[in-house]
Every structure is written in C-alpha cells, then in structure tokens.
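**Student:** Sharing a sequence plus its predicted fold:
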Amino acid sequence: MNVANAFEAVINHTAADVSHTPEEAIVSRRSVRGFLPDPVPMELVRHILEVSARAPSGTNMQPWQGHVMVGAKLKALCDAVRDAHFNSPEGHEKEYKYYPDAFFEPYLGRRRKVGLDLYKLAGVAKGDTAKMREQSGRNYLFFDAPVGMMFTIDKRLEIGSWLDYGMFLQNIMTIARQYGLHTCPQAAWPTYHSVVKEQLGIPEDQTVVCGIALGYEDTGLVENTLRTEREPVDGFMTFHTD
C-alpha cells in the first residue's frame, strides 16, 4: 500500500467514525479479556491493518505476516488448541523465550501483582490449579472475540525486526481503540505453535509471535474491570537537563 493510498484510506473513514484521539486511544487501551459477539466489519479490520502497516521498520523490511480469522476457521483453531491445552499439554512449548528463567525485581513484583489482581477478580483462589488452567484456557477462545488474528515472523530475522514488529502491533491496538474497539495481545498462543501452524497452514520457517483478540468489550464481565498501574516517568527515565 503506497502513501497516497494510505492517506486516502484514512480520509475515507470520516471523523464521525473515530471515537478517540490517538492520545485517548493509547491511554484507554487495555488487555480486554471478554468480548461481545457483535461482528466487526471486515472493511474496518482491513483498514486497521493497512494503516498499522505504516509502522517504521529497519530498511523498510516490514517483517510482519499474519492471519485474520472469523466464523468457522476461528472456531476450528480455538477447538484444536483448547483440546491440546486441556488434554495433551505435554510437549508443547514456545519457539522463543518471552520471559527470563528467573524473575527479579522490580519485574517480579509487577508480574505477581497483575496476576493476583486478575485471579481475584475472576474468583480464582491461590493454588487452585484447575481454575487457573481454565482461566488461562480462555486465551484460546480469543476471550470470545469475534475476530482473532495470528502473527508470525520469518525465523531468519533478528531482534531488530522483532522490535519493528512491536511497533506494528501497537499500531493495531491503538487504531482499534480509535474506532471504539478493544484488543488483547496474547503471548499464550505460541505455546501451541505446532497446532496453530497445522490449522492455519503456516510453514515451519515462520515463528508464531502472538495472537490478538479484536472486538467490542463486554463491559459486564468482572475481569474487564482490571486496571494496571504504570511506573511514573521519573521511575524509568533519567533527565539530563543541565
């Protein structure tokens, strides 16, 4: 998609279609864990992806590839991965490491807090492994979102392309919010990459990066009341102003 076409696509979606400014979209973006069944127009999904692809990438490599699923294909993927998750989890693991082998502060405390806060809202008691597994299994329903997206990257690419990929994914989530939608980026899917690849016909030279659930928030679901905290700017930046 060239620059002129990208701008034309934006113009075609009038200001009346946009619910939030970019800043409002960034601030209001959350990982929503429950969606309404209301369909999302495929024209809008395409628009979000087309604009998101304007993300910067080193030497314009554009390392992102992916799949959009609705209806029967979405259900088939969810059914297959949930079967593996609940009935044969042994032998399934990510193709890449997302987290360190041992957590340390301040990351350990942040991780524990968001996990405990979510499980408390969902009514999952500490040590209740069955309910924990059921809650984590909701990932593999895309949290009931009407649109599921799966993203992959060529295994030969290096960490710079993964950094570029993050900007592309952030664009998707921000632009979705501008149109009143919500998302949930999901690092859970790569654990079952072999099942995902079989279901979607993804070749072995691709690594499953993540999934994203896309749709309209179910505001009646208690898990969606979760609000995460952010470190103040002075906690992560050093200002050299002299």
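**Tutor:** Perfect, thanks for sending it.

**Student:** What about Asp154? Give its phi and psi, please.
**Tutor:** Dihedral pair for Asp154: phi -60, psi 130, per degrees, to the nearest 10.

**Student:** so who does it touch?
**Tutor:** Contacts for Asp154 (C-beta atoms under 8 Å, 6 or more residues apart in numbering) come out as Pro63, Gln65, Ser161, Asp205, Gln206, Thr207. Every C-beta, even on glycine, is put in place using the N, C-alpha and C of the backbone.

**Student:** next SSE after the lengthiest strand in the chain?
**Tutor:** If each strand of the chain is counted by residues according to DSSP state E, the longest one is strand 206-215. Where DSSP states H and E defines the elements, the next helix or strand beyond strand 206-215 is helix 233-236.

**Student:** Just the buried residues of that next one, please?
**Tutor:** Within helix 233-236, no residue counts as buried by 16 or more other C-beta atoms under 10 Å.

**Student:** rewinding a little: for the longest strand of the chain, which positions count as buried?
**Tutor:** Using 16+ other C-beta under 10 Å as the test for burial, strand 206-215 gives Gln206, Thr207, Val208, Val209, Cys210, Gly211, Ile212, Ala213, Leu214, Gly215.

**Student:** May I ask you to confirm that the fourth one is in contact with Leu157?
**Tutor:** No: because the distance of 10.7 Å does not satisfy C-beta atoms under 8 Å, Val209 is recorded as not touching Leu157.

**Student:** Please enumerate the shared neighbours of these two.
**Tutor:** The overlap between the contact sets of Val209 and Leu157 (C-beta under 8 Å, 6+ apart) is empty.

**Student:** Secondary structure class of the spatially most central residue of the chain, three-state.
**Tutor:** Centre of the chain computed as the mean C-alpha position; nearest residue by C-alpha atoms, centre = their mean is Pro185, 1.4 Å away. Assigned state for Pro185: strand (three-state reduction, DSSP: H, G, I helix; E, B strand; the rest coil).

**Student:** so where do the helices sit in this protein?
**Tutor:** Here the chain has its helices, by DSSP state H, at 3-12, 22-28, 42-52, 71-87, 107-122, 129-137, 159-178, 193-200, 233-236.

**Student:** Leu221: which of the ones you listed is closest?
**Tutor:** Of all the helices of the chain, helix 107-122 sits nearest to Leu221, with 9.3 Å by C-beta to C-beta.

**Student:** which residues are contacting that closest one?
**Tutor:** Outside helix 107-122, the residues that touch it by C-beta under 8 Å, 6+ apart are 33, 100, 103, 125-126, 131-132, 135, 222-223, 225-226, 228-229.

**Student:** Flag every buried residue along it.
**Tutor:** By neighbour count on 16+ other C-beta under 10 Å, the buried set for helix 107-122 is Leu118, Tyr119, Ala122.

**Student:** Okay, angle between it and helix 129-137 too, please.
**Tutor:** For helix 107-122 against helix 129-137, the angle by axes from the mean of the first three to the mean of the last three C-alpha atoms, to 10 degrees is 100 degrees.

**Student:** tell me the mean pLDDT over helix 107-122?
**Tutor:** Helix 107-122 shows a mean pLDDT of 96.

**Student:** May I have that helix as PDB, with CA atoms only?
**Tutor:** Once non-C-alpha atoms are left out, helix 107-122 reads as follows in PDB (Å, rounded to 0.1, in the frame of the first residue of the first chain):
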ATOM      1  CA  TYR A 107       9.700  -7.200  37.300                       C
ATOM      2  CA  LEU A 108       8.800 -10.000  39.700                       C
ATOM      3  CA  GLY A 109       6.600  -7.700  41.900                       C
ATOM      4  CA  ARG A 110       4.800  -6.300  38.900                       C
ATOM      5  CA  ARG A 111       4.100  -9.700  37.400                       C
ATOM      6  CA  ARG A 112       2.800 -11.000  40.700                       C
ATOM      7  CA  LYS A 113       0.500  -8.100  41.300                       C
ATOM      8  CA  VAL A 114      -1.200  -8.200  37.900                       C
ATOM      9  CA  GLY A 115      -1.600 -12.000  38.200                       C
ATOM     10  CA  LEU A 116      -3.100 -11.800  41.700                       C
ATOM     11  CA  ASP A 117      -5.400  -8.900  40.800                       C
ATOM     12  CA  LEU A 118      -6.700 -10.700  37.700                       C
ATOM     13  CA  TYR A 119      -7.300 -14.000  39.500                       C
ATOM     14  CA  LYS A 120      -9.000 -12.200  42.400                       C
ATOM     15  CA  LEU A 121     -11.500 -10.600  40.000                       C
ATOM     16  CA  ALA A 122     -12.000 -13.900  38.200                       C
END
